[in-house]
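K.L.:
Pasting the sequence and the predicted coordinates here, then a few questions.
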Amino acid sequence: MQVSIDISNAISFLPEGSIESIQPEIASAHDKLMSGTGAGNDFLGWIRLPSQKDPELFEKINRSATRIRRLAEVFVIIGIGGSYLGSRAVIEALSPSFLSLLSDRKNPVVIYAGENLSEDYHADLMDLLNRYSYAVAIISKSGTTTEPAVAFRLIKKHLEQKYGKRGARERIIAITDASKGALKKISGIEGYETFVIPDDIGGRYSVLTPVGLLPIAVAGLDITRLLEGAIEMEQVTRRKSDVDLNPAALYAAIRNILYRTGKTTEIMVTYQPQLVILTEWWKQLYGESEGKEGKGIFPAGVTFTTDLHSMGQFIQEGTRNLFETVLSVKRSGRELRIPTDADNNDGLNFLAGKTLSEVNCQAELGTLMAHVDGGVPNIRISIPSLDEYNLGELIYFYEFACALSGYTLGVNPFDQPGVEAYKRNMFALLGKPGF
Ligand code: PA5
């Protein structure tokens, strides 16, 4: 197993005996997940999804991705929440930082629409789509979510004007429910290629279904390795509920203990800007799964060292309701050494010969010590490097821990009733029939 968890810098903040006393609660949450007897038990399809890998589906995804790669310079993912964050997280974590500016790229640049209602953003997008060949995936489990539906209406029209009805058809892929929703209906009428989001998998647990796999494959990444990593973590986490043997159980236990001591905000920290969207995915997973019934740990995210120059002050000395979970990547993919300078006018020769990673690593250690001294418990989740396998493990780790943690908190981690409130008001204000 590649993912490891270190709680040594959280221990001093935990009441004595608290790990032992929460273990039965974690075991009971694990049992509910495994036996399907907990709340939301009709949404447990993600648990065995990696090991039940369907080779035909994989072939279909890879075939479709190859076709899109030949056809398009740009691939537009239309979706919101769980329908785009997972794929974007993996693609951004594993792609070169300035991909869109590289003229020798082999795969389409993946961009996103329908995850906001900004007029400027979508107008700029239309301008861009005039200039590049493109294809789209419209992803919506319900098939009725307003933001992606509006973006799809705009882009479908643009595609049909640019390529004609037939040309547009071969550039649209719909990923949605097997039988319900407006998107399913449109796909049938128009004859789009479709992929199904299984009934028993909710949006934020869907990254390892075609929702995530197709965009990730179009980006040229290895979805088989991603799944292999997830399978490894599935095997580890499903088997046992002991915090000593199951890293997801340990993470769920520690964050619940900290929550009970008043640490109501968890900050996910990364030192790699390419993990910003992974943090966003994590925030959505934990925020929607746990924040309900007046309970829940507020999931926040920062990127260091960038945010040490903004949020660092608050974390060091502000309200003491925080704990940090650092997602640490041990090895970088590239090497860049700091050069010696004969004049040393900037006084940086003490760093000469070191790699940026060595400096980043000491920044991580120095920050950890400062924040722990400042009263912020620290959990450290490490992976050896950024690749498909390790991200597959990590994704499944976070999903499993989230479900365990939600049950331990006493909520249903698979529903999101609160998301409806803004929609009702917005529809009423916009005059939608029936609201
Ligand atoms: O996790 C969830 O269920 C949500 O975030 C959904 O993914 C999001 O609301 C989009 O829903 P849909 O895929 O139905 O358009």
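P.N.:
Alright, I've got the coordinates. All values derive from a computational prediction rather than experimental measurement.

K.L.:
Let me know the pLDDT of residue 418.
P.N.:
Residue 418 carries a pLDDT score of 94 in this model.

K.L.:
repeat for residue 248
P.N.:
For residue 248, the pLDDT comes out at 98.

K.L.:
helix, strand or coil for it?
P.N.:
Recorded secondary structure, residue 248: helix (DSSP: H, G, I helix; E, B strand; the rest coil).

K.L.:
now residue 212: how far from the ligand?
P.N.:
Distance, residue 212 to the ligand, by Cβ to the nearest ligand atom, to the nearest Å: 11 Å. No exception for glycine: its C-beta is placed from N, CA and C like everyone else's.

K.L.:
Identify all contacting residues around the host helix or strand of that residue.
P.N.:
Per DSSP states H and E: residue 212 is located in helix 210-218. Contact partners of helix 210-218, identified using Cβ atoms under 8 Å, 6 or more residues apart in numbering, comprise 57-58, 61-62, 64-65, 68-69, 75, 77, 79, 82-84, 86-88, 90-91, 107-108, 110, 137, 139, 141, 173, 175, 195-197, 203, 206, 223, 226.

K.L.:
Quick one: buried ones out of the residues you listed?
P.N.:
Those of the contacts of helix 210-218 that meet the buried threshold are 58, 61, 64-65, 68-69, 75, 77, 79, 82-84, 86-88, 90-91, 107-108, 110, 137, 139, 141, 173, 175, 195-197, 203, 206, 223, 226, by 16 or more other Cβ atoms under 10 Å.

K.L.:
Among those, which are located in helices?
P.N.:
Residues of the buried ones among the contacts of helix 210-218 located in helices (DSSP state H): 58, 61, 64-65, 68-69, 86-88, 90-91, 223, 226.

K.L.:
Of the residues you listed, which is the nearest to residue 412?
P.N.:
Distances from residue 412 to these, taken as Cβ to Cβ, are shortest for residue 86 (20.7 Å).

K.L.:
So for that closest one, what pLDDT did the model give?
P.N.:
We have a pLDDT of 98 for residue 86.

K.L.:
contacting residues around the closest residue to it other than its chain neighbours?
P.N.:
If the residues on either side of it in the chain are set aside, residue 86 comes closest to residue 207, at 2.7 Å by Cβ to Cβ, 6 or more residues apart in numbering. The contact partners of residue 207, taken as Cβ under 8 Å, 6+ apart, are 82, 85, 86, 87, 89, 90, 281, 395.

K.L.:
Residue 267: what secondary structure?
P.N.:
Secondary structure assignment for residue 267 (three-state DSSP): strand.

K.L.:
buried sites along stretch 412-431?
P.N.:
Within stretch 412-431, the residues that count as buried by 16+ other Cβ under 10 Å are 412, 413, 414, 416.

K.L.:
Now do stretch 293-302: distance to the chain's middle.
P.N.:
Taking Cα atoms, centre = their mean, to the nearest Å, the mean C-alpha location of stretch 293-302 is offset from the chain mean by 16 Å.

K.L.:
before we move on, what about stretch 325-332?
P.N.:
Its chain's average C-alpha position is 16 Å from that of stretch 325-332, according to Cα atoms, centre = their mean.

K.L.:
and for it, what are the contacting residues?
P.N.:
Taking Cβ under 8 Å, 6+ apart as the rule, stretch 325-332 contacts 251, 255, 266-272, 275, 278-279, 355-357, 364, 368, 378-386, 394.

K.L.:
Could you do stretch 5-14 as well?
P.N.:
247, 250-251, 254, 257-258, 261, 263, 323, 368, 372, 377-382.

K.L.:
repeat that with 10 Å
P.N.:
Residues from elsewhere that reach stretch 5-14, judged by Cβ atoms under 10 Å, 6 or more residues apart in numbering: 19, 22, 243, 247-251, 253-255, 257-258, 260-261, 263, 323-326, 328, 368-369, 371-372, 375-382, 397, 401.

K.L.:
Need the distance between the two termini of it.
P.N.:
Using Cα to Cα, to the nearest Å, the end-to-end distance of stretch 5-14 comes to 16 Å.

K.L.:
and what of stretch 255-267?
P.N.:
Using Cα to Cα, the end-to-end distance of stretch 255-267 comes to 11 Å.

K.L.:
Going by neighbour count, list what's buried in it.
P.N.:
Neighbour-count burial for stretch 255-267, counted by 16+ other Cβ under 10 Å, picks out 255, 256, 257, 258, 259, 263, 264, 265, 266, 267.

K.L.:
ditto for stretch 102-118
P.N.:
107, 108, 109, 110, 111, 112, 113, 114, 115.

K.L.:
Next, format those residues as JSON lines and append distance to the ligand and pLDDT.
P.N.:
Putting the buried residues of stretch 102-118 into JSON lines (distance: Cβ to the nearest ligand atom, whole Å; pLDDT from 0 to 100) gives the following:
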{"residue": "107", "distance to the ligand": "25", "pLDDT": "95"}
{"residue": "108", "distance to the ligand": "22", "pLDDT": "96"}
{"residue": "109", "distance to the ligand": "23", "pLDDT": "96"}
{"residue": "110", "distance to the ligand": "18", "pLDDT": "97"}
{"residue": "111", "distance to the ligand": "18", "pLDDT": "98"}
{"residue": "112", "distance to the ligand": "13", "pLDDT": "98"}
{"residue": "113", "distance to the ligand": "13", "pLDDT": "98"}
{"residue": "114", "distance to the ligand": "9", "pLDDT": "98"}
{"residue": "115", "distance to the ligand": "9", "pLDDT": "97"}
